[in-house]
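Visitor: Following is a predicted model, sequence given first.
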Amino acid sequence: MATTILQFPNPIRSPYLKPEDSPCGQVLGKAFSETFRGSVRSNGKRRTQSLVTANHQKPDEQVATEGETVRSKWREIGPNITKLQRQAISELPPVMTNRCKAVMKQIICFSDDKGGLRDLLSAWARIMNPRRADWLSVLKQLKDTEHPFYVQQVAEFALLEESFEANTRDYTKLIHFYGKQKQLEDAERSFSCMKERGLLYDQITLTAMIHMYSKAGHHKKAEQIFEELLLLGQPLDQRSYGSMVMSYIRAGMLQEAESLLKQMDDQEVTAGREVYKALLRTFSMTGDVEGAQRVFDAMQIAGIVPDARVCALLLNAYEMAGESQLVRVAFENMRGAGVKLNDKCVALVLAAYEKEEKLDKALEFLVGLEKDGVLAGKEASAVLAGWFGRLGVVKEVEVVLSDLHPNKLI
């Protein structure tokens, strides 16, 4: 039977989360109040020992105190609830179990005057012994009703609960959304917590870590995790390779990025379009014509058909290098190959001619386009206007631009 995977929404930090000293506690928040921190299982039933009372109370007194504390966190839902709370309770799914409805009612009517939400969840776990399916049902309902604040708290608490039966994928989801929010320390502690609990990480988990470090600019850490990933001895997929290639690109290590792309090719793993575009863009912005051309060619070998944006990146590399002739040749080759080039590409050809003061070539280029029924658009017209304005021929530019229609695509 397939295991249901816990889905996490974007996190919203709770003012009631109080990190513990341990890695697990720090990343998942305060799982239990001081009263419930000694929770253990005996004969299939949960027994809770208070760290405060364990050394100072007799067993009977301790049990009585625990019961009073649990009841104080679990309050009856009376008639004096608000209209919105009553409506929310009435909209709970009929198929939801009574166990889940009970805690949902408590969450809907929750206030922090008698402790945090985690104390309430501790009481629910103590009284009703929920199973994984119950936790998932509650989380799904909170997510469906758009309560990300509560979803995060319940999810973090559930991961520490034995009854939730947390697996590697649950922690991976947690690491992933922490990474998206740039909460690196939380993600790292979650990773440590997973290992402390004896859960084996896999390629998906490590890829999430690499992706997180890459986006945060921590290339060395990404590289260390990638080496750990290789030690798993499993064939890497597109996402794993791609995350590391992106880390090299962001670190400015373009040679290493290309080398890893070649490794992927050897393993018959094709990088995604966005990875190629990122590498091409970096070469393009520095005017590295050879590098840009290599990546452009590699994309086509990989079966990725260049579009106007990709072509514009190659043209930009030639323009940055001051190679107007090569810009024009590449432009014509792309048109001949059936690529529907946009106004940005026309503007780049004109900018290349402007850089070399080749006004006659620029006008010849425009006349040729016009004969083919192609009119310069807004961006190309702006290049011409700036160029003619710099030459002091404002009246002439008005004549030249009079027949140009903005936003016309090739």
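Guide: Done, it's in.

Visitor: what about the helices in the stretch 201-350 of the chain?
Guide: Under the criterion DSSP state H, counting those that start in this stretch, the stretch 201-350 of the chain carries helices at the ranges 203-216, 219-231, 238-250, 254-266, 273-285, 289-301, 308-320, 324-336, 343-355.

Visitor: Which one of those lies nearest to Lys182?
Guide: Closest to Lys182 of the helices of the stretch 201-350 of the chain, according to CB to CB: helix 203-216, at 6.1 Å. Glycine gets a C-beta too; all of them are placed from N, C-alpha and C.

Visitor: Residues contacting that closest one, please?
Guide: Residues outside helix 203-216 that contact it (CB atoms under 8 Å, 6 or more residues apart in numbering) are 168-169, 171-172, 175-176, 178-179, 182, 184, 187, 191, 194, 219, 221-222, 225-226, 228-229, 232, 234, 236-237, 239-240, 243-244, 246-247, 250.

Visitor: Any of these buried? List them.
Guide: Among the contacts of helix 203-216, those classed as buried by 16 or more other CB atoms under 10 Å are 169, 171-172, 175-176, 178-179, 184, 187, 191, 194, 219, 221-222, 225-226, 229, 236, 239-240, 243-244, 246-247, 250.

Visitor: thinking again about what came up before, of all the helices of the stretch 201-350 of the chain, which lies closest to Asp372?
Guide: Comparing the helices of the stretch 201-350 of the chain by CB to CB, helix 324-336 comes nearest, at 8.8 Å.

Visitor: Run the chain-centre distance for the closest one.
Guide: Taking the mean of its C-alpha atoms, helix 324-336 sits 37 Å from the chain's own mean (CA atoms, centre = their mean, to the nearest Å).

Visitor: which helices and strands does that helix pack with?
Guide: With contacts defined as 3 or more CB pairs under 8 Å, 6 or more residues apart in numbering; DSSP states H and E, helix 324-336 has these neighbours: helix 308-320, helix 343-355, helix 359-371.

Visitor: What is the second one packed up against?
Guide: When contacts are defined as 3+ CB pairs under 8 Å, 6+ apart, helix 343-355 sits against helix 308-320, helix 324-336, helix 359-371, helix 378-391.

Visitor: May I have the phi/psi pair for the one residue sitting closest to the centre of the chain?
Guide: By CA atoms, centre = their mean, the mean C-alpha position of the chain lies nearest to Lys180, the distance being 4.2 Å. Taking degrees, to the nearest 10, you get phi -60, psi -30 for the backbone angles of Lys180.

Visitor: what do you get for Gly373?
Guide: Backbone torsions of Gly373, given as degrees, to the nearest 10, read phi 80, psi 20.

Visitor: which residues touch it?
Guide: Taking CB under 8 Å, 6+ apart as the definition, Gly373 has no contacts.

Visitor: Quick check, pLDDT for it.
Guide: Predicted confidence (pLDDT) for Gly373: 83.

Visitor: That one and Leu366, how far apart?
Guide: According to CB to CB, to the nearest Å, Gly373 and Leu366 sit 13 Å apart.

Visitor: do Ala317 as well
Guide: For Ala317, the distance to Leu366 (CB to CB) stands at 23 Å.

Visitor: Same check on Arg126?
Guide: From Arg126 to Leu366 the distance is 79 Å (CB to CB).

Visitor: Please apply the same query to Leu206.
Guide: Going from Leu206 to Leu366 by CB to CB gives 53 Å.

Visitor: Point out where this protein drops to low pLDDT.
Guide: By pLDDT under 70, the weakly predicted segments of the chain are 1-73, 113-114, 148-149, 394-410.

Visitor: what do you get if the cut-off is 80, keeping everything else the same?
Guide: Flagging of the chain using pLDDT under 80 yields the residue ranges 1-76, 78, 111-115, 147-152, 393-410.

Visitor: What are the buried residues along stretch 256-274?
Guide: Those would be 256-258, 260-261, 264, 269-272, for stretch 256-274 by 16+ other CB under 10 Å.

Visitor: Equivalent analysis for stretch 91-100, please.
Guide: For stretch 91-100, burial by neighbour count (16+ other CB under 10 Å) applies to 96, 99-100.

Visitor: what do you get for stretch 195-202?
Guide: Residues of stretch 195-202 classed as buried: 199, 201 (neighbour count, 16+ other CB under 10 Å).

Visitor: Ends of that stretch, what's the gap?
Guide: Stretch 195-202 has an end-to-end distance of 11 Å (CA to CA, to the nearest Å).

Visitor: What lies in contact with it?
Guide: 23-24, 166-168, 171-172, 191, 194, 232.

Visitor: Repeat that for stretch 330-346.
Guide: Counting by CB under 8 Å, 6+ apart, 306-309, 311-312, 314-315, 318, 348-349, 369, 374, 376-380, 407-410 sit against stretch 330-346.
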